[in-house]
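predicted model, plus sequence, below.
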Amino acid sequence: MTVKRSLPDGVKKYAESPLFTAGKVPESLQKSHSTKTGTYARLIVTAGEVQYFLVGEKTPVSIIKPNDVFIILPEEEHFVQVSDDAEFFLEFCR
């Protein structure tokens with residue numbers, strides 16, 4: 001099941017991560033973490049697949065594929081699992 005989300009009106013990008021590849025995804029993204037209060041993130045997949053999990057859940061909230069965008073909500077405890085060919089980056093918005 002893939003959940004569709006959108007950014008609230010007035011939220012704008014203020015920063016962007018580097019492009020992460022499957023072999024170079026920071027361990028911190030693969031463990032429980034969250035964005036700061038008021039900060040949204042757009043997870044953008046350019047290759048492969050990224051599975052987005054809420055902490056405590058066994059099935060992904062969303063499976064994001066190339067050209068898909070998934071919105072991460074402020075303070076939402078989550079982690080990702082990536083395919084062997086995954087490439088993705090994050091845009092941070094507030």
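On my side now, so go ahead.

tell me what the most centrally placed residue in the chain is bridged to.
Taking CA atoms, centre = their mean, the centroid of the chain lies closest to Leu43, which sits 3.8 Å from it. With DSSP bridges as the criterion, Leu43 is bridged to Phe70, Leu90.

ok, it touching Val50?
Yes: shown here, Leu43 and Val50 form a contact pair, counting by CB atoms under 8 Å, at 6.5 Å. Where you see a C-beta, it was placed from the backbone N, CA and C, and this is true even at glycine.

one step back: next, find the distance separating the residue nearest to the centre of the chain from Glu75.
As judged by CB to CB, to the nearest Å, Leu43 and Glu75 stand 16 Å apart.

on that earlier part again, ok, the residue nearest to the centre of the chain - contacts?
Counting by CB atoms under 8 Å, 6 or more residues apart in numbering, Leu43 makes contact with 50, 52, 64, 69-72, 80, 88, 90.

spatially nearest residue to Ser32, not counting backbone neighbours?
In space, and not counting its chain neighbours, Ser32 is closest to Val55: 4.8 Å by CB to CB, 6 or more residues apart in numbering.

returning to what we had before: return the member of the contacts of Leu43 nearest to Thr37.
The nearest member of the contacts of Leu43 to Thr37, counting by CB to CB, is Ile72 at 13.3 Å.

doesn't Thr35 make contact with the closest one?
Yes: Ile72 is within contact range of Thr35, at 6.0 Å (criterion: CB under 8 Å).

which neighbours do the two share?
Listed as contacting both Ile72 and Thr35 by CB under 8 Å, 6+ apart are Ala41.

more neighbours: those two, which one.
It is Ile72, of Ile72 and Thr35, that has more neighbours when counted by other CB atoms under 10 Å, with 22 against 18.

ok, and the closest non-adjacent residue to that one?
Nearest residue to Ile72, sequence neighbours excluded (CB to CB, 6+ apart): Ala41, at 4.0 Å.

what's around that neighbour, how many residues?
The criterion is other CB under 10 Å. On that basis, Ala41 has 24 neighbouring residues.
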